[in-house]
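> give me coordinates for this.
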Amino acid sequence: MSTTDPLTLRLPSWLCDSFDLARVIANEHRSVGRTAGPCRFDRFEMRSHERAWAKTVLARRSNLWLFRTNQRRSCGDFIAIDMSSARRLDRRAYVMELKTGDRIVRQSTSSSLARSCRTAHPSSFCTAMVLPS
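Residues are numbered from 1 along each chain as shown. Here you go, the predicted model:
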């Protein structure tokens, strides 16, 4: 794994209409300063239940910025940042791990998932959650 692999990939709101992850990755790679290096599809690929979940979140929650995490970096499945507040320090970030059939579990901010979130988005208060998919 290259040390320049990005930790996250922002999922734009238009994905709820046309889920084209390859297009998102291509756009991310062309945007200067948005990634630390080339973005590989296999690092951010999603299974069908993850795509369905992401589409639902993007369609229903316009206040959230949703990020797919690099699946080779062991930092959860998604990070969501609530952009409702105009103040950066008041924005909350949630690290989510989707598990089929599991109940929702909220972990402390000292968990490894929350630490991953603070690494990717240091100005946000992070909460880690395990969500049923």
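> so where is the chain shaky, pLDDT-wise?
Residue ranges of the chain with pLDDT under 70: 1-5, 25-26, 28-39, 101-133.
> strands along that one, start to end?
Secondary structure of the chain (DSSP state E): strands located at 8-11, 64-69, 78-82, 92-99, 105-107, 125-132.
> most residues in a single helix of this protein, which one?
helix 48-60 (DSSP state H).
> what's the angle from that helix to strand 64-69?
160 degrees (axes from the mean of the first three to the mean of the last three CA atoms, to 10 degrees).
> okay, angle between helix 48-60 and strand 78-82 too, please.
Using the same axes, to 10 degrees: helix 48-60 against strand 78-82 is 10 degrees.
> which helices and strands does helix 48-60 pack with?
strand 64-69, strand 92-99 (3 or more CB pairs under 8 Å, 6 or more residues apart in numbering; DSSP states H and E). C-betas here are computed from N, CA, C, even on glycine.
> Phe41 versus Ala22, what's the distance?
6 Å (CB to CB, to the nearest Å).
> repeat for Ser85
Counting by CB to CB, the gap from Ser85 to Phe41 is 33 Å.
> what pairs with Trp65 across the strands?
Beta bridges link Trp65 to Ile81, judged by DSSP bridges.
> quick check: it touching Met83?
Yes. Trp65 is within contact range of Met83, at 5.6 Å (criterion: CB atoms under 8 Å).
> which residues touch the longest helix of the chain?
11, 13, 15-16, 19, 46, 64, 66, 68, 77-78, 80, 98, 100, 131, 133 (CB atoms under 8 Å, 6 or more residues apart in numbering).
> which members of the residues you listed are the farthest-apart pair?
Ser13 and Thr100 (25.7 Å; CB to CB).
> out of these two, which sits in the busier spot?
Shown here are Ser13 and Thr100; by other CB atoms under 10 Å, Ser13 has more neighbours (13 against 8).
> so the closest residue to that one other than its chain neighbours versus Arg40, what's the distance?
Distances taken as CB to CB, 6 or more residues apart in numbering put Leu58 closest to Ser13, at 5.4 Å, once the chain neighbours are dropped. Separation of Leu58 from Arg40 (CB to CB): 22 Å.
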